[in-house]
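>>> this one's structure only:
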């Protein structure tokens, strides 16, 4: 097991309906020294990829993306969740569905901050069905920019998001891929990488 | 002028109704090397203060708080904006009013991540009327924890938030305090510190 799988095993809590709570170190309380290990590992996995910008999505992706960005020495842009309709043509817009919150959100990125010259690394904390990720890829496409890679902290390998993104040919790296988890036993099985 | 005031002068855009757009480096696109200067400066200003946790609020406070946390070597907790009513008693809750978005939000922090032993530094990007900050102070009070300091990147000195918080006796440090700004001329006047 790598450092992250060990931490998930130690502090992650498996709940009903395939919910994995990692709010003690990843997405509510944030362990910054763990985030530095995550940044180092993404830098290793995307070592020879030309990246000049990181794109993430609010809220829980932002902290990870900012620490990761230190290892790539690039700025971070975060997509904003917005229910407002009047976007005034200044924004790239994608519609994403949240299964956790049972709603649809528009995510928006200002046209000022993504352009055809950008080589983008997408960073996010979770990948499950992949709706948020598809929205970010769509926004990068609207900008005419290039998706150089996608770095995910925890992938739910038993949901379809990761497989779809890999089938589309993207360079997706997930630091921990959960094959199976059981709310009754609390057991978590990781995919061998 | 300090490094931040210079950057605001260079890249900040003054809009009508006292709006200052700093989305090219602070709260949409994020300049991580600037965030490191901000972290260094907060560490200097809170050098001899015992701090074991940083509290911020989603979304735009998170990135700054995570980089600042590296200089204090502490974890970050971010308060979540929530409209849901069923909090199940697991959460500290405060109601905050957003003048920007003309709505009221509940902000919540899990009871697991704040307790009476905590010595907290609050970090946020903006201070204007102070509603968000008052909500964070309330949550720290509910936890029986101690507010050791408050670090704000940009304070609108012509609004009442900062004065109220200082009158209450809190150690508030704002890296840039705007006395006056003019949407027609684009001129920004900073308070001497």
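Cool, the structure landed. Computed from a predicted structure; not experimentally measured.

>>> nearest spatial neighbour of the residue nearest to the spatial centre of chain A, chain-adjacent residues omitted?
Per Cα atoms, centre = their mean, the C-alpha nearest to the average position across chain A is that of residue A:124, at 1.6 Å. In space, and not counting its chain neighbours, residue A:124 is closest to residue A:61: 4.5 Å by Cβ to Cβ, 6 or more residues apart in numbering or on different chains. All C-beta atoms are positioned from the backbone trio N, CA, C, and that covers glycine.

>>> ok, the one you found to residue A:20 distance?
16 Å (Cβ to Cβ, to the nearest Å).

>>> of these two, which one has the most company?
residue A:61 (29 against 20; other Cβ atoms under 10 Å in any protein chain shown).

>>> so that one, which state does it fall into?
helix (DSSP: H, G, I helix; E, B strand; the rest coil).

>>> ok, it touching residue A:123?
Yes - between residue A:61 and residue A:123 there is a contact under Cβ atoms under 8 Å: 6.1 Å.

>>> list the residues that contact both of the two?
Overlap of the contact sets of residue A:61 and residue A:123 (by Cβ atoms under 8 Å, 6 or more residues apart in numbering or on different chains) is empty.

>>> can you give me the strands for chain A?
Listed in chain order, the strands of chain A (DSSP state E) span A:13-15, A:19-21, A:29-30, A:53-57, A:76-82, A:91-98, A:103-110, A:119-127, A:146-156, A:172-181, A:188-190.

>>> right, so of the ones you listed, which gets closest to residue B:159?
The closest of the strands of chain A to residue B:159 is strand A:76-82. By Cβ to Cβ, the value is 23.5 Å.

>>> up against chain B, what does chain A have?
A:23-24, A:28-33, A:35-36, A:58-59, A:62-63, A:65-67, A:69-70, A:73-78, A:80, A:109-110, A:112-113 (Cβ under 8 Å from any Cβ of the partner chain).

>>> show me which of the residues you listed are buried.
Neighbour counting by 16 or more other Cβ atoms under 10 Å in any protein chain shown classes A:23-24, A:28-32, A:35, A:58-59, A:62-63, A:65-67, A:69-70, A:74-78, A:80, A:109-110, A:113 among the residues of chain A next to chain B as buried.

>>> who's in contact with the residue nearest to residue A:146 when sequence neighbours are not counted?
Excluding the flanking residues, the one nearest residue A:146 by Cβ to Cβ, 6+ apart is residue A:119, at 5.0 Å. With contacts defined as Cβ under 8 Å, 6+ apart, residue A:119 is in contact with A:49-53, A:145-146, A:148.

>>> any weak-confidence spans in chain A?
Along chain A, the parts satisfying pLDDT under 70 run over A:83-88, A:99-102.

>>> most packed of the strands of chain A?
Highest mean neighbour count of the strands of chain A: strand A:53-57, a mean of 26 (counted as mean count of other Cβ atoms under 10 Å in any protein chain shown).

>>> got the angle between that strand and strand A:91-98?
50 degrees (axes from the mean of the first three to the mean of the last three Cα atoms, to 10 degrees).

>>> tilt between strand A:53-57 and strand A:146-156?
Going by the same axes, to 10 degrees, strand A:53-57 makes 40 degrees with strand A:146-156.

>>> what's strand A:53-57 in contact with?
Here strand A:53-57 has contacts from A:62, A:64-65, A:68-69, A:72, A:74-79, A:81, A:107, A:109, A:114, A:118-124, A:132, A:135-136, A:139-140, A:145, using Cβ under 8 Å, 6+ apart.

>>> do the same with stretch A:147-155
A:4, A:8, A:20, A:22, A:26, A:38, A:42, A:45-46, A:49-51, A:64, A:68, A:119-128, A:133, A:137, A:140, A:161-162, A:165, A:170-178.

>>> same thing with stretch A:156-168?
A:18, A:20, A:126-131, A:133-134, A:137, A:150, A:152, A:155, A:172, A:174, A:177-180, A:191.

>>> and if you look at stretch A:22-42?
A:2-4, A:7-8, A:11-13, A:60, A:63-64, A:67-71, A:121, A:123, A:125-126, A:151, A:153-154, A:173, A:175, B:66, B:69-70, B:73-78, B:80, B:109-110, B:112-113.

>>> any idea how many residues pack against residue A:44?
10.

>>> repeat that for residue A:158.
Count around residue A:158 with other Cβ under 10 Å applied: 15.
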